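Engineer: Okay, predicted coordinates and the sequence, questions at the end:
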Amino acid sequence: MKVLVSGAGGFLGRFVVGRLLESGHDVRAIVRPTSTTPIWNESVEIFPADLRVQGNLKAAFDDIDAVLHLAAATAGNEDIQFASTVVATERFLEAMAHSSVKRLIHVSSLVVYDWARAKRIMDEDTPLLTAPYKMGGYTIAKIWQERVVTKFARTHSWDLTVLRPGFIWGPQHTQIAGMGRHIGKTYLMFGPLTRLPLSHVMNCADCLVAAIDRPAAIGETFNVIDGDEIQVWRYVREYARRSSQPGLMLPLPYFVGYGVARLASITSHALFGKRGKLPSLLTPGRFESQFKPLRFSTRKLHDVLDWRPPLTFEECVNLSYGLAGTENKDPVPL
Amino acid sequence: MNKLSGVLIGCGSIAREHLAAVADLENVQIVAVCDLSAARAQATAERFGIARSYTGHHQLLADVRPDLVHVTTIPSAHFPIVRDCLSAGLNVLCEKPITVDYREFQVLKKLATQNHSLLMENQNFRFHSGIRRVHQLLTAGQIGDVLEVQICLYLNIFDPNGAYADKNAAHSSAVLRGGIIGDFLTHIGYLAYMFTGPVLDVRTIWTKHNGDSLFPFDQLRGLIKGQRATAYVSFSGNAQPDGFWVRVVGTKAHVETNLYEPPRFTVRRLRRGEPALMKLADGIAESGDVFKGSAVGFWRKLGGTSSYDGLSALIAGTYLAVDGRVPPPVSLEEIDAVACLVERLTTDLLP
């Protein structure tokens, strides 16, 4: 199968291309023109393009059997993220609509769920967030990106699979938002026993390729996580130890942190009405989407996709911290 | 009471500022928005509870006849859209710079005059709380005669997560003469013009400090000789921290405000008395002003007050003018004079 990968030069994209090659697929990789092209097998066809820029993308879909759409921004202000994630997706899918390609695998995120309405277990039936505008730019963009993808797929009768990974982590991307906050030499953990919806980048890549290969995935949505056994304290402990950044691990019960955020929100509303602005940690919806103590179901991944993560947490840790200076500066969003 | 109706074309970040400002006006309703991206138009409509969204302005103008069209697209799209709106006899409030080229502005001015349409450019800092305070002091005679105004804009245009320094997608202002700096020349131009009056002479130096950057220039220094006063203007894409400083030097006092940090405002007056004591009094007064400005600025930030100070007043004034109750906030002749000044600030860049 020949697979077109958008966002191939990104953190996840690089691993996905590698995994596709291992699985015997041919790959055409869309990489931004000025990005450093990863060292891949010579057989990878590079298609230099920036989806945000008007240009001819139609040729990218020639002779393609399936499309893996990963392109999205994880940094920048709300407008930059909307343009890079949503408007770019519109352009990409408009070009796809002119081709004969019918198979699309879209990589979304767990942030599209309404975390406030999630009770005990988050799975694929958890309601989606319908009014995202109090959330951050990443959440707004990912919600609209999924809406755009779904609409195009319905209009053009494409075979769509939506995959929603949790915290994607791996080499040089070990700091994740769910850890809490690293302030000076202190690790502030909101709910140290909270289970993290982790998706190691190599496991995630494996899952994405499995979704291409298995017809049962067509028309389905999957939350992509390795499992929910790893709790915040353990992840933070490994991070502090392996990245040589020891510090005080300060646990704070989730409900204390959430209560402070609620109080701040009520005060802001009383003083300033709807316009009041608070930082991410003091915005209840954003606090919940980072730290809410939930279980994360992998049942559908097992039952429908017949997929289990090939690497254990210990193996992932060894692979991710294998190189010196591998900690990233910006926390990885969901 | 019949509400005035508005539509908005171009749903980027500045559009949100317009829509938030309109939301505060009781007698105005935005009835439709438009963007080339259907998702961006729909997201904007959903967020602000607007009934209709379009992906082309021709269809929008065929369906709706608003009292005012807000044009908030990228600069290169202003001219064709504003021309279409004015040709249809509509009133327009356009983002700065109103056109990429001064000759295009002349076309729009002629159309607006012929069709008796209102044509307004967003010159929000004219109505900024800091600038209004300068005017109050001027009117009260506390600054004396204005001798000089210094307008210095410092902005980190090299932030890798920002929109300006993106190597893969050129910023929309790249088409302007002066590139990124051109995006700010209208603000600098009208602020200078407010104090200098009609321009007699302009001198500029355009330089590039960061040799590795994409931009042909990242610094501007300019001198403007006007009928009433002179202005020193500067833009630096390298100086940090960010700030938009306006300093007015008069025969009785100097006043200084950072437009990016409202309501920070300091006054240094000519005091009579023992000089050493007066310097101490100045220091105490200035410290108080700076602290008050910073504290209120922080409070405003918590309150979600727009950083586009003055935009609400400009939009409210524009709708009042549309309703025929007051003259436009900025006359067409003054918009013309500023567009002409901006052209002159970039004359040295012509081949």
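Structural biologist: Now that the structure is in, tell me what you want to look at. Numbers count the residues shown, from 1 in each chain, chains lettered A, B, ... in the order given.
Engineer: Give the residue spans of chain B that score low on pLDDT.
Structural biologist: B:1, B:351 (pLDDT under 70).
Engineer: That one against chain A: which residues are in contact?
Structural biologist: Within reach of chain A by C-beta under 8 Å from any C-beta of the partner chain, chain B has these residues: B:12-13, B:20, B:37-40, B:43, B:47, B:161-163, B:167-169, B:301-305. Where you see a C-beta, it was placed from the backbone N, CA and C, and this is true even at glycine.
Engineer: Flag the shaky bits of chain A, pLDDT-wise.
Structural biologist: Using pLDDT under 70, chain A drops low at A:323-334.
Engineer: Now do the helices in it.
Structural biologist: A:11-22, A:78-82, A:88-97, A:137-156, A:201-213, A:232-242, A:254-272, A:284-291, A:299-303, A:313-320 (DSSP state H).
Engineer: Columns distance to B:Ala77 and mean neighbour count on top of those helices, output as CSV?
Structural biologist: Formatted as CSV, these follow (distance: least, C-beta to C-beta, whole Å; neighbours: other C-beta atoms under 10 Å in any protein chain shown):
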stretch, distance to B:Ala77, mean neighbour count
helix A:11-22, 32, 22
helix A:78-82, 16, 21
helix A:88-97, 17, 21
helix A:137-156, 22, 21
helix A:201-213, 38, 23
helix A:232-242, 47, 19
helix A:254-272, 35, 15
helix A:284-291, 34, 22
helix A:299-303, 45, 14
helix A:313-320, 46, 17
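Engineer: Report the contact partners of B:Leu350.
Structural biologist: Taking C-beta atoms under 8 Å, 6 or more residues apart in numbering or on different chains, we find B:Leu350 in contact with B:Arg177.
Engineer: Return the nearest residue of chain A with respect to chain B.
Structural biologist: Using C-beta to the nearest C-beta, the single residue of chain A nearest to chain B is A:Arg275, 3.5 Å away.
Engineer: Tell me how far whatever residue is furthest in space from the centre of chain A lies from A:Tyr133.
Structural biologist: No residue in chain A sits farther from the centre than A:Leu271, which is 35.4 Å out by C-alpha atoms, centre = their mean. Distance check for A:Leu271 against A:Tyr133: by C-beta to C-beta, to the nearest Å, it reads 20 Å.
Engineer: Also A:Thr194?
Structural biologist: For A:Thr194 relative to A:Tyr133 (C-beta to C-beta), the value is 26 Å.
Engineer: mind checking which helix or strand B:Thr204 is in?
Structural biologist: Using DSSP states H and E, B:Thr204 sits in strand B:199-207.
Engineer: ok, which residues in chain A are in contact with chain B?
Structural biologist: A:32-35, A:50, A:52-53, A:75-80, A:82, A:86-87, A:89-90, A:133, A:140, A:144, A:147-148, A:268, A:271-272, A:275-278.
Engineer: Now with 6 Å, please.
Structural biologist: A:32-34, A:50, A:52-53, A:75-76, A:79-80, A:86-87, A:90, A:133, A:144, A:148, A:272, A:275-277 (C-beta under 6 Å from any C-beta of the partner chain).
Engineer: List only buried entries from those residues.
Structural biologist: A:32, A:50, A:52, A:76, A:79-80, A:86-87, A:90, A:144, A:148, A:272, A:276 (16 or more other C-beta atoms under 10 Å in any protein chain shown).
Engineer: Let me know the closest of these to B:Asp282.
Structural biologist: For these, the minimum distance to B:Asp282 (C-beta to C-beta) is 34.7 Å, reached by A:Phe272.
Engineer: Show me the strands in the stretch 101-250 of chain A, by range?
Structural biologist: Along the stretch 101-250 of chain A, counting by DSSP state E, counting those that start in this stretch, strands occupy A:103-107, A:121-122, A:159-165, A:167-169, A:181-183, A:186-190, A:198-200, A:221-224, A:248-252.
Engineer: Quick one: list the elements packing against the fourth one.
Structural biologist: Read it as strand A:167-169. Using 3 or more C-beta pairs under 6 Å, 6 or more residues apart in numbering or on different chains; DSSP states H and E, no helix or strand is in contact with strand A:167-169.
Engineer: partners of it, with directions?
Structural biologist: Partners of strand A:167-169 in the sheet, by DSSP bridges, are strand A:198-200 (parallel).
Engineer: For the spatially most central residue of chain B, give me phi and psi.
Structural biologist: Centroid check for chain B by C-alpha atoms, centre = their mean gives B:Gln123 as the closest residue, at 3.9 Å. B:Gln123 adopts backbone torsions of phi -120, psi 60, taken as degrees, to the nearest 10.
Engineer: ok, it to B:Ala41 distance?
Structural biologist: 26 Å.
Engineer: same deal with A:Gly55?
Structural biologist: Relative to B:Ala41, and taking C-beta to C-beta, A:Gly55 is found at 22 Å.
Engineer: got it, and B:Pro329?
Structural biologist: In terms of C-beta to C-beta, B:Pro329 sits 28 Å off from B:Ala41.
Engineer: ok so, going back, can you tell me how far the closest residue to the residue farthest from the centre of chain A other than its chain neighbours is from A:His269?
Structural biologist: Closest residue in space to A:Leu271, ignoring its immediate chain neighbours: B:Gly303 at 7.0 Å, by C-beta to C-beta, 6 or more residues apart in numbering or on different chains. As judged by C-beta to C-beta, B:Gly303 and A:His269 stand 11 Å apart.
Engineer: The closest residue to B:Ile188 other than its chain neighbours is in what secondary structure piece?
Structural biologist: Computed as C-beta to C-beta, 6+ apart, the closest residue to B:Ile188 that is not its neighbour in sequence is B:Val233, at 5.0 Å. B:Val233 is part of strand B:230-236 when elements are defined by DSSP H and E.
Engineer: What is that strand packed up against?
Structural biologist: Using 3+ C-beta pairs under 6 Å, 6+ apart, strand B:230-236 sits against strand B:146-154, helix B:185-196, strand B:219-226.
Engineer: Buried deepest among these, which one?
Structural biologist: Among the helices and strands packed on strand B:230-236, helix B:185-196 has the highest mean neighbour count (mean count of other C-beta atoms under 10 Å in any protein chain shown), at a mean of 25.
Engineer: what's around B:Phe291, how many residues?
Structural biologist: A count of neighbours around B:Phe291, defined by other C-beta atoms under 10 Å in any protein chain shown, yields 11.
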